[in-house]
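[1] quick one, what's the 3D model for this:
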Amino acid sequence: MALFLVIAACGGGEPPATSDGGPEDADAGATPPEVAPAELPTAPSFRVDGACPAGWIPVDLGEALICAPFGGDDPRRCDAHALHVPSEAACRPAGRACEDPPAPDGVVVHVRAGASGGDGSESAPFGELDVALAAAASGSALVLAPGRYETDGLVLDRPLRLYGACAAETSVVARAGDAPGAIVVTSAAVVLDGISVTGPEHGIIVREGGEASLRGVVVLDVPGTGLWVAGRVEAEELVTRMLEPGIAGELDVGVLVHTTGHLSLRRAELRGHDVAAIGVFGGELELEDVVIGAQSHPAGALRGHGVEVAGGGRARARRLFVSATNDAGILVEHEGSSLELEDTLVGDVKGASIGVTVLPGATCSMRRVVVGAITNLGVDVAGGRLRAEDLFVANADDAWHEFGVVARGEGAHLELSRTVVHQGLRVGVQLHLGASGRLEDTRVVGVEGRPTPLRPEDHAFGLVAYEAELEFARVRVEGCDGYGVMALLADVRGTDLTTYYTHAHPETLFGAGLQAERSRVSLERVHLDQSQTGGLFAFNDDTSIELRDVVISNSYRSGCLDEVDRCASFVGGIGLGVYDGAQVVLERFRLEGNELIGAQVARGLDEHEEPNEAVGDLELRGGVVTRSLVGVNVAAEGYDLRKVSAQVWFSENGRDIETSVLPTPPPLER
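    So this is what the prediction gives:
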């Protein structure tokens, strides 16, 4: 005991030369047993070069390689009739350029705003769009000269094609009246090309049974829905924008796909919508090369989603950029709703600030997705199911959020493969309250505790399983304030776990590579390295841990000062601590270079910092304890020391086995 206190007080240094090796009846480790070297974990494997889509470039962030849109630049703010899609490096006009007039085949009806007495010929065009529409036969093409065309609302109830000179110079404006939209499509074989649309309620409505092809269409400042789809629509180079701030309570949605609707949308930009840029309520949606962002967030707005899939809707998105939304970047909810994402970036979400949310009954799959600059939660699987490959959850330099990836609630299920959760978080990955999950090739880097006056002991957690079931393979947690991996009331099974440099925040003064309470943990190939305070702690009599091929190394003391009461007696530097009746078995192990104690078995302390009745139970099978001040500390009268010495080779410890009562972690730190 005296030796321990001397080293704890002096502030570090090399362990002294090997002493007497402990009590005579405990020195079974004097003769080396047959000890196989512990097998170290396999490192996580992340995506390699060459996987980026056309127009996206690989960006090496150190921890992972991601694909960046817009040729690696930020998205540009284009004028009202142009767009900047993720696969291109600059703005481009929506649809045809104004110097490239339309040339449709078949019967053509010409219209020029303000003309009079015409018959629809090129030399004598109609002057009003309503008149031209009434005169046009089924299958005709209406060609509009540049200008502003006011209507009472166009109803396209037969196959017709409507061509503007270009979206920037040809506008269809619905007057206030009874028409639900500026353009309503009820027929098949309708074409809208090169026009801008605005009106007092909705922009374009395609009803059930209607079929339309849109190209180079711009919908501006409609207080309702820009494009409402209950039929079938193929759209390319679509722009919907709210140029003026919306009004709270109005249904301002860029694109809405209703129950019977099907929309295929390529190369589009949707900005400024207060409720949702895209809503899918029971219908089907396909997106490719789409930009969403810059909501106006009016006072009193309850929602502001980039993409919302609900009511059993089904959506697939490739090359999607979602930014500057309110509440949630992407939301999937209700039984049967599903979303597939590929090559997608979600960031800069305000309000409740959740990047991606998957609610009960809904499913989401991701491939090559980046979620960043979120101030609350990156990915939230709140009762739904999520599978992600090549997921990168990051944080902006000037922001900080609570959670990277969370699965919570009964029925929630999370599967991650080749995932990096990076910096600026309080929790990297968490499963709790009945959730289940499997992680493969996952890395959590740099989660940070943020103590406040209300939460002075605010630890951070790299990976948490709380009332949850977790399986993993190839997981690395590094640079975390507080806990690398925490299991609480959980069932955890895995292979190839590494925690590295789990350090104490200056205000919390505690760090553990792996801690388990009231949990079952079974792991193979584990390396817990450079943990401040302890490599592994096990508490409570209903905790059982079995580790095979494990290395716990270089645990070091906390930054406690003697005048701080809560840590004057406990400074850590323990490789493995087993307390309060917890049961731990290590097979093929190496406890190496842990500053004060290689392994400790003791009663632990209750909430009054009095010793508990239950003693931890540790069995060491075939391994090495080396280069610690105390190799093994067993502070329990009558404990069978052969459990911790008969199959152990002790080397270069200040004392191999110590049976004195040495300090244990106080409950405040647990």
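
[2] where do the strands sit along the stretch 51-200 of the chain?
    Taking DSSP state E, counting those that start in this stretch as the criterion, the stretch 51-200 of the chain carries its strands at 57-60, 65-68, 82-83, 92-93, 108-111, 141-144, 147-151, 154-156, 161-163, 170-174, 181-185, 190-198.

[3] and the contacts of the fourth one?
    So the one you mean is strand 92-93. Strand 92-93 has contacts (C-beta atoms under 8 Å, 6 or more residues apart in numbering) with 81-85, 166-168, 216. (Glycine included, C-beta is placed from N, CA and C.)

[4] what's the neighbour count on Gly336?
    By the criterion of other C-beta atoms under 10 Å, Gly336 has 13 neighbours.

[5] against Val309, how distant is it?
    Using C-beta to C-beta, to the nearest Å, Gly336 is found at 10 Å from Val309.

[6] now do the shared contacts for the two.
    Shared contacts of Gly336 and Val309, defined by C-beta under 8 Å, 6+ apart, are found at Ala362.

[7] helix or strand right after the helix or strand encompassing Val379?
    Using DSSP states H and E, Val379 maps to strand 377-382. Using DSSP H and E, the helix or strand that directly follows strand 377-382 along the chain is strand 385-393.

[8] that next one to strand 377-382, inter-axis angle?
    Relative orientation of strand 385-393 versus strand 377-382 (axes from the mean of the first three to the mean of the last three C-alpha atoms, to 10 degrees): 170 degrees.

[9] so what strands line up beside strand 385-393?
    Strands that pair with strand 385-393, judged by DSSP bridges, come out as strand 363-374 (parallel), strand 413-422 (parallel).

[10] and these: which comes nearest Arg232?
    Closest of those to Arg232 is strand 363-374, at 24.2 Å (criterion: C-beta to C-beta).

[11] how far off centre is that closest one?
    Averaging C-alpha positions (C-alpha atoms, centre = their mean, to the nearest Å) puts strand 363-374 6 Å from its chain's average.

[12] put the alpha carbons of that strand into CSV.
    Only the C-alpha atoms of strand 363-374 are listed here, as CSV (Å, rounded to 0.1, in the frame of the first residue of the first chain):
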residue,chain,number,x,y,z
THR,A,363,-37.1,1.8,-43.1
CYS,A,364,-34.1,3.6,-44.6
SER,A,365,-31.0,2.4,-46.4
MET,A,366,-27.9,4.5,-47.1
ARG,A,367,-24.9,4.2,-49.3
ARG,A,368,-22.1,6.8,-49.4
VAL,A,369,-23.9,9.4,-47.2
VAL,A,370,-22.4,12.3,-45.3
VAL,A,371,-24.3,14.0,-42.5
GLY,A,372,-22.6,17.1,-41.0
ALA,A,373,-23.0,20.5,-39.3
ILE,A,374,-26.0,19.3,-37.3
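
[13] list the buried residues in that strand.
    Across strand 363-374, burial judged by 16 or more other C-beta atoms under 10 Å covers 363-374.

[14] next: stretch 104-121.
    For stretch 104-121, the neighbour count (16+ other C-beta under 10 Å) marks 108-113, 118, 120 as buried.

[15] for the record, mean pLDDT for that stretch?
    Mean per-residue pLDDT for stretch 104-121: 94.

[16] JSON lines for the buried residues of stretch 104-121, including distance to Asp193?
    Shown next, in JSON lines, are these (distance: C-beta to C-beta, whole Å):
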{"residue": "Val108", "distance to Asp193": "13"}
{"residue": "Val109", "distance to Asp193": "14"}
{"residue": "His110", "distance to Asp193": "15"}
{"residue": "Val111", "distance to Asp193": "14"}
{"residue": "Arg112", "distance to Asp193": "17"}
{"residue": "Ala113", "distance to Asp193": "17"}
{"residue": "Gly118", "distance to Asp193": "22"}
{"residue": "Gly120", "distance to Asp193": "18"}
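
[17] farthest pair in the residues you listed?
    Val108 and Ala113, at 17.1 Å, using C-beta to C-beta across the buried residues of stretch 104-121.

[18] which residues touch Pro102?
    Pro102 touches 96, 141, 143, 163-165, 193-194, counting by C-beta under 8 Å, 6+ apart.

[19] hmm, which two among those residues are most spread apart?
    Distance extremes for these: the farthest pair is Arg96 and Ala141 at 14.4 Å, using C-beta to C-beta.

[20] surely Lys643 is within a helix?
    Yes - Lys643: assigned to a helix according to DSSP: H, G, I helix; E, B strand; the rest coil.

[21] show me the beta-bridge partners of the closest residue to it other than its chain neighbours.
    Closest residue to Lys643 apart from its sequence neighbours, by C-beta to C-beta, 6 or more residues apart in numbering: Glu619 at 4.8 Å. Beta-bridge pairing for Glu619 (DSSP bridges): Val585.

[22] which ones are touching Glu619?
    Contact partners of Glu619, counting by C-beta under 8 Å, 6+ apart, are 584-586, 643-644.

[23] which one of the contacts of Pro102 is nearest His422?
    Using C-beta to C-beta, the shortest approach to His422 within the contacts of Pro102 belongs to Arg96, at 42.9 Å.

[24] what's the local residue count around that closest one?
    Neighbour number of Arg96 under other C-beta under 10 Å is 19.

[25] roughly how far apart are it and Gly216?
    6 Å.

[26] shared neighbours of the two, anything?
    Listed as contacting both Arg96 and Gly216 by C-beta under 8 Å, 6+ apart are 166, 193-194.

[27] how distant is the host helix or strand of Glu440 from the center of its chain?
    Applying DSSP H and E as the criterion places Glu440 in strand 436-445. When distances are taken as C-alpha atoms, centre = their mean, strand 436-445 is centred 12 Å away from the chain's centroid.

[28] try stretch 485-501
    Centre-to-centre, stretch 485-501 and its host chain are 20 Å apart (C-alpha atoms, centre = their mean).

[29] stretch 211-228 now?
    Relative to the mean C-alpha coordinate of its chain, stretch 211-228 is positioned 31 Å out (C-alpha atoms, centre = their mean).

[30] now do that stretch, average pLDDT.
    pLDDT averaged over stretch 211-228 gives 94.

[31] over to stretch 536-550?
    Rounded mean pLDDT across stretch 536-550 is 95.

[32] ends of it, what's the gap?
    Taking C-alpha to C-alpha, to the nearest Å as the measure, stretch 536-550 stretches 11 Å from start to finish.

[33] before we move on, what about stretch 88-102?
    End-to-end span of stretch 88-102 (C-alpha to C-alpha): 24 Å.

[34] begin at 434 from now on, thanks
    New numbering, starting at 434: the last item is stretch 521-535.

[35] list the buried ones in it?
    Those would be 521, 524, 526-529, 531, 535, for stretch 521-535 by 16+ other C-beta under 10 Å.

[36] what's the closest of those to Ala971?
    Glu521 (55.0 Å).

[37] that closest one and Ala487 touch, don't they?
    No - using C-beta atoms under 8 Å, Glu521 makes no contact with Ala487, being 9.7 Å away.

[38] list the residues that contact both of the two?
    Here Glu521 and Ala487 have no joint contacts, going by C-beta under 8 Å, 6+ apart.

[39] what residues of stretch 966-983 count as buried?
    So, applying 16+ other C-beta under 10 Å, buried residues of stretch 966-983: 966-974, 976-983.

[40] looking at those, which are in strands?
    With strands taken from DSSP state E, the overlap with those comprises 966-972, 977-983.

[41] adding distance to Ala570, write these out as JSON lines.
    Shown next, in JSON lines, are those (distance: C-beta to C-beta, whole Å):
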{"residue": "Thr966", "distance to Ala570": "83"}
{"residue": "Gly967", "distance to Ala570": "83"}
{"residue": "Gly968", "distance to Ala570": "82"}
{"residue": "Leu969", "distance to Ala570": "81"}
{"residue": "Phe970", "distance to Ala570": "82"}
{"residue": "Ala971", "distance to Ala570": "82"}
{"residue": "Phe972", "distance to Ala570": "83"}
{"residue": "Ser977", "distance to Ala570": "81"}
{"residue": "Ile978", "distance to Ala570": "80"}
{"residue": "Glu979", "distance to Ala570": "80"}
{"residue": "Leu980", "distance to Ala570": "80"}
{"residue": "Arg981", "distance to Ala570": "80"}
{"residue": "Asp982", "distance to Ala570": "80"}
{"residue": "Val983", "distance to Ala570": "81"}
